[in-house]
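>>> Based on what follows, work out the 3D shape:
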Amino acid sequence: MEDAMKKLTMHLTGAALCAVCALAPAAALAQASPPGAAAAAGEDEARGDIARATQLYRQGNEAFKQKRWSDAELLYLKAWALVRSFDIAANLGEVQLQLKKPRSAATFLAFALRTAPPSAKPEQIERMRHFLDQAKAQVGTVRVRVKNAPDAEVLVDGERVPDEEVKHEIYLEPGPHLLVIRRAGYEEEVLRVLAAPLITETVERELKPKAEKAEATGPSGKGAGAVAPGAASAAGMEETKAPAAGARVEEPRSWVPSLALGAASVVALGVAGGFTVAANKASAEGDRQHAMLREAGGGCVDVPSEYSYLCSGLRDSASRHETRTRVATVAYVASGALAIGAVTYALWPRARTATSRGMRASPELSPGCAGIVVRGVW
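Here you go, the predicted model:
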């Protein structure tokens with residue numbers, strides 16, 4: 001772990017030095033002070049940030065090795081505010097995963113994987129991918145794609161999502177969320193999403209352009225743009241509120257049928273297991289009784305009177321074994337069918353139009369077979 005930390009520090013320093021090179025030309029263009037002085041000031045400021053970020057990163061590594069997760073998180077966040085490097089993001093993601101913050105951890109780990117340099121070792125990449133998979137197993141994933149406005153702004157529960165996340169993936173805590181897509185000149189798109197662990201939902205939309213308002217000309221003959229100040233203010237307020245009023249809201253998928261089918265599958269599996277154990281016990285009892293009959297010198301046709309009760313017990317054991325085996329088989333089949341129904345409902349593509357949805361499971365029994373039939377519309 002210590003060698004890995006040293007290697008990460010080397011990556012951080014290299015990435016930070018690149019920031020110095022990027023800042024120097026921009027600083028040289030400043031007109032507020034002489035070119036040489038401006039460039040020197042920019043380089044000094046960048047070097048100061050690099051030095052502070054490197055120190056904070058190393059302190060965070062020490063806290064990491066000592067498993068002081070809260071201290072490590074604070075130090076890494078301070079370093080991240082100065083220099084955004086893949087190695088800071090990777091360590092920060094691991095720490096936040098330890099602190100039960102899977103959504104933020106997934107965001108940092110995904111950034112680390114996207115920005116890792118070619119010089120990163122395969123074991124580093126594999127480690128980041130491993131912890132990202134752990135984080136994504138605890139959160140929902142949403143991908144937003146706007147066909148006619150790729151640079152549209154996205155808000156989740158009223159908070160703006162950074163463009164970097166919108167461009168790739170947005171991670172959400174499990175549960176319902178309100179998602180707003182907006183861009184100047186277009187109507188807002190408002191929809192509700194239900195985030196669930198291990199579920200990735202792709203939201204594809206095409207924003208509707210706002211209707212152009214008719215231009216009015218006053219009696220004084222002024223041009224179309226001549227509007228009274230009070231009217232302009234009122235129009236601005238009205239325009240701000242209009243998108244929310246005309247926004248389209250998409251109802252979320254109900255997970256109740258999937259959860260109900262999954263719970264029923266577990267119950268059926270438990271019933272099947274119980275009857276399997278009971279059938280095995282009946283079989284063992286029958287084997288024991290049959291062994292005693294063999295020791296008595298025969299079967300149930302010519303058995304001594306003191307062992308006659310064993311014949312009746314043997315028949316009862318065989319009957320119980322057969323009955324319980326059949327019930328267990330039916331329960332196994334029902335559990336599998338219910339599990340398939342739950343998975344099918346969860347993965348089935350969502351319909352574009354509203355439909356009446358419902359599911360019903362009913363047993364099917366006949367002299368030759370047994371099973372369960374699931375009927376529904378989703």
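>>> Could you use CA atoms for every contact and neighbour count after this?
OK.
>>> In the stretch 201-350 of the chain, where is pLDDT below threshold?
Within the stretch 201-350 of the chain, the stretches with pLDDT under 70 are 212-253, 289, 293-310, 314, 349-350.
>>> The same query, at a cut-off of 80, please.
212-258, 279, 282, 285-286, 288-318, 321, 342, 345-350 (pLDDT under 80).
>>> Could I get the phi/psi values of V154?
For V154, the backbone dihedrals (degrees, to the nearest 10) come out as phi -120, psi 130.
>>> what's the burial count for it?
23 (other Cα atoms under 10 Å).
>>> hang on, it packs against I170?
No: between V154 and I170 there is no contact under Cα atoms under 8 Å: 9.9 Å.
>>> Residues that sit against both of those two, list them.
V161 (Cα atoms under 8 Å, 6 or more residues apart in numbering).
>>> Show me the helices in the protein, by range?
Ranges of helices in the chain, per DSSP state H, are 2-28, 35-65, 69-82, 86-98, 102-115, 122-136, 163-167, 229-246, 256-295, 308-347.
>>> just checking, what packs against the second one?
Helices and strands touching helix 35-65, by 3 or more Cα pairs under 8 Å, 6 or more residues apart in numbering; DSSP states H and E, are helix 2-28, helix 69-82.
>>> Show me what counts as buried in it.
38-39, 42-43, 46-47, 49-51, 53-54, 56-64 (16 or more other Cα atoms under 10 Å).
>>> could you list every residue that touches T141?
169-172, 195-201.
>>> pLDDT at it, what is it?
Model confidence at T141, given as pLDDT, is 93.
>>> same check, this time on Q96
95.
>>> Surely it is in contact with L74?
No: in this structure Q96 lies outside contact range of L74 using Cα under 8 Å: 10.3 Å.
>>> okay, those two: which has more neighbours?
Counting neighbours by other Cα under 10 Å for Q96 and for L74 shows that Q96 has the greater number, 21 against 15.
>>> can you count the residues close to the closest residue to the more buried one other than its chain neighbours?
Once flanking residues are discounted, Q96 sits nearest to A105: 5.3 Å by Cα to Cα, 6 or more residues apart in numbering. A total of 28 residues lie near A105 under the criterion other Cα under 10 Å.
>>> my guess is A105 contacts N91, does it?
No: assessed by Cα under 8 Å, A105 is found out of contact with N91, at 9.4 Å.
>>> Just give me the closest of the contacts of T141 to E188.
I170 (18.8 Å; Cα to Cα).
>>> What sits closest to that closest one if chain neighbours are left out?
Per Cα to Cα, 6+ apart, closest to I170 is V142, 5.1 Å.
>>> Can you give me the neighbour number for that neighbour?
Other residues close to V142 by other Cα under 10 Å number 21.
>>> now it, which residues is it bridged with?
Note on V142: beta-bridge partners by DSSP bridges are I170, E201.
>>> quick one: contacts for W255?
W255 sits in contact with A346, where contact means Cα under 8 Å, 6+ apart.
>>> Count the neighbours of V144 for me.
So V144, with other Cα under 10 Å, has 21 neighbours.
>>> which residue sits closest to it in space, ignoring its chain neighbours?
Here the residue nearest V144, using Cα to Cα, 6+ apart, is V203, at 4.8 Å.
>>> Now do the one you found against F108, distance only.
In this view, V203 and F108 are 22 Å apart by Cα to Cα, to the nearest Å.
>>> Show me which of the two is the more surrounded one.
F108 (24 against 12).
>>> That one contacts L97, doesn't it?
No: in this structure, F108 is not within contact of L97 by Cα under 8 Å, at 10.4 Å.
>>> pretty sure Y57 is touching I88, no?
Yes: between Y57 and I88 a contact is recorded at 7.1 Å, counting by Cα under 8 Å.
>>> what is in contact with these two at once?
Counting by Cα under 8 Å, 6+ apart, the residues touching both Y57 and I88 are 76, 79.
>>> and A291, how many neighbours does it have?
So A291, with other Cα under 10 Å, has 12 neighbours.
>>> Next: P150.
13.
>>> What does the pLDDT read for it?
pLDDT, P150: 88.
>>> Repeat that for the one 3 residues further on.
The model reports E153 with a pLDDT of 90.
>>> Next one: it from R160, what distance?
7 Å.
>>> before we move on, what about A53?
27 Å.
>>> swap in T344?
Distance of T344 to R160, computed by Cα to Cα: 34 Å.
>>> same deal with S335?
For S335, the distance to R160 - Cα to Cα - is 44 Å.
>>> More neighbours: which of the two?
S335 (26 against 14).
>>> how about the CA coordinates for stretch 169-184, as PDB?
Coordinates of the C-alpha atoms in stretch 169-184 are reproduced here as PDB (Å, rounded to 0.1, in the frame of the first residue of the first chain):
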ATOM      1  CA  GLU A 169     -23.500   9.300 -15.700                       C
ATOM      2  CA  ILE A 170     -25.500  10.700 -12.800                       C
ATOM      3  CA  TYR A 171     -25.500   8.600  -9.600                       C
ATOM      4  CA  LEU A 172     -28.500   8.900  -7.300                       C
ATOM      5  CA  GLU A 173     -29.400   7.500  -3.900                       C
ATOM      6  CA  PRO A 174     -32.100   4.800  -4.100                       C
ATOM      7  CA  GLY A 175     -35.600   6.300  -4.100                       C
ATOM      8  CA  PRO A 176     -37.700   8.800  -6.100                       C
ATOM      9  CA  HIS A 177     -36.100  11.900  -7.500                       C
ATOM     10  CA  LEU A 178     -37.300  14.900  -9.500                       C
ATOM     11  CA  LEU A 179     -35.200  15.600 -12.600                       C
ATOM     12  CA  VAL A 180     -35.400  18.800 -14.600                       C
ATOM     13  CA  ILE A 181     -33.900  19.300 -18.100                       C
ATOM     14  CA  ARG A 182     -33.700  22.900 -19.300                       C
ATOM     15  CA  ARG A 183     -32.000  25.200 -21.800                       C
ATOM     16  CA  ALA A 184     -32.500  28.800 -22.900                       C
END
